[in-house]
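# after the sequence you'll find the predicted model.
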Amino acid sequence: MASGSEATAFRADAAALAASGVSYGVVGEEAAYGGDVGAQHREEARDMVDGDDPDETQEPLVRAPQMERIIFSSWEEFDHFLAEHCKRTYQHFVVGTSTPVETRNKRIGESYTKRGVRVDPYKLIPAYLKTYSKTLKCTHGGKPRSRSKGLRPNQKTRAMNCPAKVNALVRKLGDEWRVVVSTQIMEHSHPIGPEEYARLPSNRRIDDPVILKTLRFMLKNNTSRRSMLEYLHEVTDKPVKMKDVHNLVQRLMKEQGDGAPLKDGNNPSLGESYGENEGTSS
């Protein structure tokens, strides 16, 4: 449940949207734009279509808390907030699709051309934003590959037809461009909790260059795997396991080859070989 300050932040964001002529409503567990359904908003909706049908899920849905904020000053702020929210609520999202600003502006220009009018420069999105919209899906989204009929999908399989997703896009609110969460479906077709979260390889991944440099030094000096594990538990809050350390050591030794020092650019990540490709796009 959201705290008082979190609820206040959500109401403030919703009020800011309303002041800009955009309503933010909640239908079931899906929070989405309402209000103006003109041509521009219909095109925005098409940008968000990802082809998933939440009604196809077979398992009872598990409800998770929604994001308390829905307006952000940049994509970096949005990404950071979502990452922290997922850490608190034991969810994990990956980028499914994204639309570059260049593509969006091209569509806007084409719509003006079809009407035989000059493009309104104030309708174009600033290039510095780079990304116009993102659709982030639960890491268990997608249809599982079933090898037999009538059986419950393997719980260790990444794809479990989970409908949970977050849509975000840039909008001009007043005189400022902001990243706005347009949809958040926080209902999952699988259990969520500390144990399930810890099993995800990406949540055990270490990519801090300082930590990796220390691990290289420890390996070079024949430090025990147990000491490496203890070090990682001290300097990170990730649920790293001994098998992750063994996996990393093997990767380091393989990249080291004939014994030459590893270059700083080689940053193998813990848990990497235990997970499939995340399927992200940018």
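Arrived safely, thanks for sending.
# C-alpha from now on. contacts and neighbour counts both.
Will do.
# so, low pLDDT: which residues of the stretch 101-250 of the chain?
Low-confidence segments of the stretch 101-250 of the chain, defined by pLDDT under 70: 144-159.
# ok, which stretches of it are strands?
Here the stretch 101-250 of the chain has its strands, by DSSP state E, counting those that start in this stretch, at 131-138, 165-173, 176-185, 187-188.
# these: which one's closest to residue 210?
Set against residue 210 and scored by C-alpha to C-alpha, these come closest in strand 131-138, at 29.2 Å.
# just the CA trace of that closest one, in PDB.
Listed next in PDB are the C-alpha coordinates belonging to strand 131-138 (Å, rounded to 0.1, in the frame of the first residue of the first chain):
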ATOM      1  CA  THR A 131      13.100   8.200 -27.300                       C
ATOM      2  CA  TYR A 132       9.400   9.000 -27.800                       C
ATOM      3  CA  SER A 133       7.800   6.000 -26.100                       C
ATOM      4  CA  LYS A 134       8.700   2.700 -24.400                       C
ATOM      5  CA  THR A 135       6.700  -0.400 -23.700                       C
ATOM      6  CA  LEU A 136       8.200  -2.400 -20.800                       C
ATOM      7  CA  LYS A 137       7.000  -6.000 -20.300                       C
ATOM      8  CA  CYS A 138       7.400  -8.300 -17.300                       C
END
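# and that strand, what does it pack against?
Where contact means 3 or more C-alpha pairs under 8 Å, 6 or more residues apart in numbering; DSSP states H and E, strand 131-138 is packed against helix 39-48, strand 93-100, helix 101-114, strand 165-173.
# try 10 Å this time
Helices and strands touching strand 131-138, by 3 or more C-alpha pairs under 10 Å, 6 or more residues apart in numbering; DSSP states H and E, are helix 39-48, helix 75-89, strand 93-100, helix 101-114, strand 165-173, strand 176-185.
# residue 60 contacts residue 163, correct?
No. Using C-alpha atoms under 10 Å as the test, residue 60 is too far from residue 163 to be in contact (11.5 Å).
# looking at these two, which one has more neighbours?
Neighbour totals were compared for residue 60 and residue 163, and residue 163 leads with 22 against 11 (other C-alpha atoms under 10 Å).
# quick check: the more buried one touching residue 93?
No. Assessed by C-alpha under 10 Å, residue 163 is found out of contact with residue 93, at 11.3 Å.
# what sits in contact with each of these two?
Here residue 163 and residue 93 share the contacting residues 137-138, 140-141, scored by C-alpha atoms under 10 Å, 6 or more residues apart in numbering.
# which one (most neighbours) among the residues you listed?
residue 138 (26 neighbours).
# touching, it and residue 165? I think so.
Yes. Between residue 138 and residue 165 a contact is recorded at 5.9 Å, counting by C-alpha under 10 Å.
# need the overlap of contacts for these two.
Shared contacts of residue 138 and residue 165 (C-alpha under 10 Å, 6+ apart): 92-96, 185-188.
# which among these gets closest to residue 108?
Checking these against residue 108 with C-alpha to C-alpha, the nearest one is residue 96 at 23.0 Å.
# contacting residues around residue 227?
Applying C-alpha under 10 Å, 6+ apart to residue 227 gives the contacts 218, 233.
# number of residues surrounding the residue nearest to residue 179 when sequence neighbours are not counted?
The shortest distance from residue 179 to any non-neighbouring residue, by C-alpha to C-alpha, 6 or more residues apart in numbering, is to residue 170 (4.4 Å). The number of residues packed near residue 170 is 24, by other C-alpha under 10 Å.
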